[in-house]
Structures are given as C-alpha cells and as structure tokens.
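Peer 1: based on what follows, work out the 3D shape:
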Amino acid sequence: MISLIEKMQVVVEMLDSAGGIYLWQFDGNGMLIRSSATDTIIQSLFMKNGGSEKILWESACETRYPTIITDDFFLTWLIVPHRIENNLLGVWIAGPVFSSHFSESYLLGALRKKNLADDRQFVPISFIEQIPVIPHQILIHYAMLIYRLLYGENIAWSDILLESHKEETEPSAEGKLYSELDEYYILEREILNAVEQGNIHYVHPKSTLAVKVSKISNEGSLRQVKNTMISSITLVTRAAIKGGMTVGAAYSLCDYYILASESCGNATEVYSNWRFCLQDFTQRVHDIRRQNHSDLVNRCISYVQFHIYEPLTVMGIAEQIGYSKNYLGSCFHNETGKNLTQYIMEQKLELAALRLKHSSKSISDIAHEFGFESDSYFAAQFRKHYGVTPSEYRR
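Peer 2: Residues are numbered from 1 along each chain as shown. Okay, the predicted model is just below:
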C-alpha cells in the first residue's frame, strides 16, 4: 500500500511543475517536519519574521476543510489540516503564490511595514519573480486533490474556505471604539448577503473602495486595489453559488471579471468593474431565485429587502402589494416553508447581529435602526433567535 508521504511526494512534483509551488508539512503542534522549499528567504522572512506562519497555523486550527488565505504581504497560501475526529494530526500548506502579477515596489512596501526591508534582508527582484502567479481556481483544484489524499473522500468547491488576513488595529484608550476594519467587515458581509439572496434593491456603498481610490498615486497602490478586488470577486462568486448559481457558471463569470480587473489602468476603472461584477452576480442570483417562487412571493421578498430598515408587518405588506393578509401569508408559507413574520424577523436580526459584533452603535440605536418598537422587544426577539441577549452576543 502506498504511504501518505509517497502520495504527497507526487503532489510535490505536481506543484513544482506548476511553476515552483512549495509544499510544507507541519505536525499537530505546529512544528515544521519537511518542506520542498529550498530558499531560506521564504521561511525566515515570510513564515517566521513576517508572521505568516502564525496566521496560517491559526487558520488551520479552526477547521477541517481546506482554506485559501492571503497574508499581510498579499501572498496566497493553501492550507489543508489533517484531522481524525477532533485531533489535529498535522497540516499541509502549499505556497506562497501570487493571485496575479505584483510589482517589486509594492512587496517591498509591505516588508517595510513589518520592518523587514533593511539592507540585510533586502528581497531581490529575482526572488520575487520566482514566486508563481496561480489563480484561486487552480489552488481550489489542488485543495480538492490534497483533501482526497488525506481523507479518502471528495470535497465540493463550496466547502473550501477563502480568507484575507488583515492586520488588527490597536484598541482605543477607552476600549470602546471599534476599528475601521470592523466597519468595513459589516459592509463586506452585507454585500455578500445581498448577492447570496439576489437582493437587487441593496445599494452597494461606494465607501467599500472610496478610501483606497482617493489614495491611488503609484503602481504599488493600484496593484493593491486590484488584488483586493480580485479577492472580493472570489468571495462574491462563492456567495452566488450559495445563492443558487451553478459552480461552472459562477467561476466562468469570476474568471471574466478577474481578467477585466487586470486590464484596468487606474483605480476608478477597477472600482467600475467591481460595481458591474456585484450587479451582475446579484441579478443572476435574483433571476434564479425568482424561478422558484410565484410572482406574488417574489414581490413580497423584494418589498421586505427594500424596506428592511422600516417597521414591517404582514398586514402592511399585504396592503402595499394588494392582497389580503391571510392569502399572502398562506402563499408565502407554502412556497418557502416559513411564515412571513418569521422571515422578516430573521432578515432584520441577521443584519442587527452584524452591527452588534462589528460596530460601536449602542443596542438601542441598532434596535431603532431596524424598526423595532422598543429595546426590550428587540432583546426578546434576539434572544429567541440566537439563544443569548444582544449584550451577551456582543462580548
């Protein structure tokens, strides 16, 4: 019988032929066992001093499924944990790669932020050119292969996790203010939820890129925006698959918009392409979902999405779309398996939960934002849905 190490040696050869992708093996305690990497720059600069090893290890400890993660240097890694039940036996990591072409100036800028670009640790352009450019779609195939070798079973594309590591900011002196990243995270989750639900009424905020656009002044910054958008396009693709798009159709569209991003000459063009991408995916999911419901239920769902920040009742919605309360409620339940009141509450509470975790708004302000009649009613509904109070959820 062929041993796991022998199987992985075949993977090493495949990765090497793909452009020189390294494969790293760690034991269950995070100690490096072996690596196909022959250049010590990667291990000393990125894995150790740069903190990437810690980021990758923390990600591996959280799940059994493969993860594709982008670190602080915009280097991308594939992580596949090896578990038996809850015991972590080891971790296999492939990388680093770039998801698209980088300039040396940008990477050196990232190194300087980590104080890793002094004369003794200068990274020559020849080293940067050796790091292969591998799209996420190719890494997904490698993830499926390694998972199969480790567990003897197949994995779906949608099971593979995608993460982009962002540096944490220091908390304020008062310890109560949330970072700008948390506010950005809320927008990101709202956008992905809108795509997954096919919510064409959601207004994608310009603020997701406005700060970056205003600061574009050199090649490195433009490269950073492009890579941020490429990662975002991949996340949107996965949201669309969850929303009902077929894997093939979604990733074909993903490839199209990634190539379009690469051809952009400035940040404004990148942003425009991003907007078209969001609208396109959202509309396609919307059209797919409409096929599964009657026109009446589709109109009802659209009304809830458009007026989610307002007080909503079944009676009020029925009056707006011209049907009786009982008839509308019956049709909605028959087609979705949920009563309309339950659906409205779930939609409001999911957005409220994001605010609680990733904003500095008070619980009272959040309750008011989503049209709850009182703080106590909001707290009661939240506890009924999540099993904890809003205050406990926020901790």
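
Peer 1: heading C-terminal from the lowest-mean-pLDDT helix or strand in the chain, find the next helix or strand.
Peer 2: In the chain, no helix or strand scores lower on mean pLDDT, DSSP states H and E than helix 207-214, which sits at a mean of 40. Heading C-terminal from helix 207-214, the first helix or strand you meet, by DSSP states H and E, is helix 219-243.

Peer 1: can you show me the helices along the stretch 251-395 of the chain?
Peer 2: Counting by DSSP state H, counting those that start in this stretch, the stretch 251-395 of the chain has helices at residues 267-290, 295-306, 314-321, 325-336, 340-358, 363-369, 375-386, 390-394.

Peer 1: could I get those helices in CSV, plus columns for mean neighbour count, distance to Glu190 and mean pLDDT?
Peer 2: For the C-beta atoms, the positions are set from N, CA and C on the backbone; glycine is no exception. Compiled in CSV, these are given as follows (neighbours: other CB atoms under 10 Å; distance: least, CB to CB, whole Å; pLDDT from 0 to 100):
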stretch, mean neighbour count, distance to Glu190, mean pLDDT
helix 267-290, 18, 11, 83
helix 295-306, 18, 12, 82
helix 314-321, 15, 22, 91
helix 325-336, 16, 22, 91
helix 340-358, 19, 7, 85
helix 363-369, 17, 13, 89
helix 375-386, 16, 18, 92
helix 390-394, 15, 18, 88
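
Peer 1: ok, which of those helices comes nearest Leu89?
Peer 2: Closest to Leu89 of these, according to CB to CB: helix 340-358, at 32.4 Å.

Peer 1: okay, stretch 191-202 in PDB with CA atoms only?
Peer 2: Below are the C-alpha coordinates for stretch 191-202, written out as PDB (Å, rounded to 0.1, in the frame of the first residue of the first chain):
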ATOM      1  CA  ILE A 191     -22.700  42.900   0.200                       C
ATOM      2  CA  LEU A 192     -22.200  39.100   0.300                       C
ATOM      3  CA  ASN A 193     -25.600  38.600   1.900                       C
ATOM      4  CA  ALA A 194     -27.200  40.700  -0.800                       C
ATOM      5  CA  VAL A 195     -25.500  38.600  -3.600                       C
ATOM      6  CA  GLU A 196     -26.500  35.400  -1.900                       C
ATOM      7  CA  GLN A 197     -30.100  36.500  -1.600                       C
ATOM      8  CA  GLY A 198     -30.200  38.100  -5.000                       C
ATOM      9  CA  ASN A 199     -31.200  41.300  -3.400                       C
ATOM     10  CA  ILE A 200     -31.200  43.800  -6.300                       C
ATOM     11  CA  HIS A 201     -32.500  46.500  -4.000                       C
ATOM     12  CA  TYR A 202     -29.300  46.700  -1.900                       C
END
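
Peer 1: that older thread, of the helices of the stretch 251-395 of the chain, which is nearest Phe98?
Peer 2: Of all the helices of the stretch 251-395 of the chain, helix 267-290 sits nearest to Phe98, with 16.9 Å by CB to CB.

Peer 1: next, the angle helix 295-306 makes with the closest one.
Peer 2: 140 degrees (axes from the mean of the first three to the mean of the last three CA atoms, to 10 degrees).

Peer 1: name the residues that touch helix 267-290?
Peer 2: Outside helix 267-290, the residues that touch it by CB atoms under 8 Å, 6 or more residues apart in numbering are 191, 194-200, 202, 204, 206, 209, 212-213, 216, 221-222, 225-226, 229, 232-233, 236-237, 239-240, 243-245, 249-250, 253, 257, 260-261, 264, 298.

Peer 1: then stretch 9-22?
Peer 2: Here stretch 9-22 makes contact (CB under 8 Å, 6+ apart) with 23, 35-37, 42, 94-97, 130, 132-134, 138, 142, 145-146, 149.

Peer 1: just the buried residues from those residues, in PyMOL please.
Peer 2: Buried members of the contacts of stretch 9-22, defined by 16 or more other CB atoms under 10 Å, are picked up in PyMOL with:
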select buried, resi 23+35+36+37+42+94+95+96+97+132+134+138+142+145+146+149
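
Peer 1: including distance to Ala18, could the helices of the stretch 251-395 of the chain go into TSV?
Peer 2: As requested, those are exported to TSV (distance: least, CB to CB, whole Å):
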stretch	distance to Ala18
helix 267-290	27
helix 295-306	43
helix 314-321	54
helix 325-336	45
helix 340-358	37
helix 363-369	48
helix 375-386	44
helix 390-394	44
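
Peer 1: quick one: stretch 311-323 to chain centroid distance?
Peer 2: The chain centroid and the centroid of stretch 311-323 are separated by 35 Å, computed with CA atoms, centre = their mean, to the nearest Å.

Peer 1: return the backbone torsion pair for Ile79.
Peer 2: When read as degrees, to the nearest 10, the backbone of Ile79 gives phi -120, psi 130.

Peer 1: let me see the contact set for it.
Peer 2: The neighbours of Ile79, taking CB under 8 Å, 6+ apart as the test, are Leu56, Ser59, Ala60, Pro66, Thr67, Ile68, Ile69, Val91, Trp92, Ile93.

Peer 1: Trp77 against Trp92, yeah?
Peer 2: No: the criterion here is CB atoms under 8 Å, and Trp77 misses it with Trp92 at 10.8 Å.

Peer 1: give me the more crowded residue out of the two.
Peer 2: Each of Trp77 and Trp92 has its neighbours counted (other CB atoms under 10 Å); Trp77 has more, 27 against 22.

Peer 1: which phi and psi does that one have?
Peer 2: Torsion angles, degrees, to the nearest 10, at Trp77: phi -130, psi 150.

Peer 1: how about it: what's its closest non-neighbour residue?
Peer 2: Using CB to CB, 6 or more residues apart in numbering and skipping the chain neighbours, the partner closest in space to Trp77 is Gly95 (3.6 Å).

Peer 1: which residues are contacting stretch 370-384?
Peer 2: Residues outside stretch 370-384 that contact it (CB under 8 Å, 6+ apart) are 308-312, 345, 348-349, 351-353, 363-364, 366-367, 388-390, 393.
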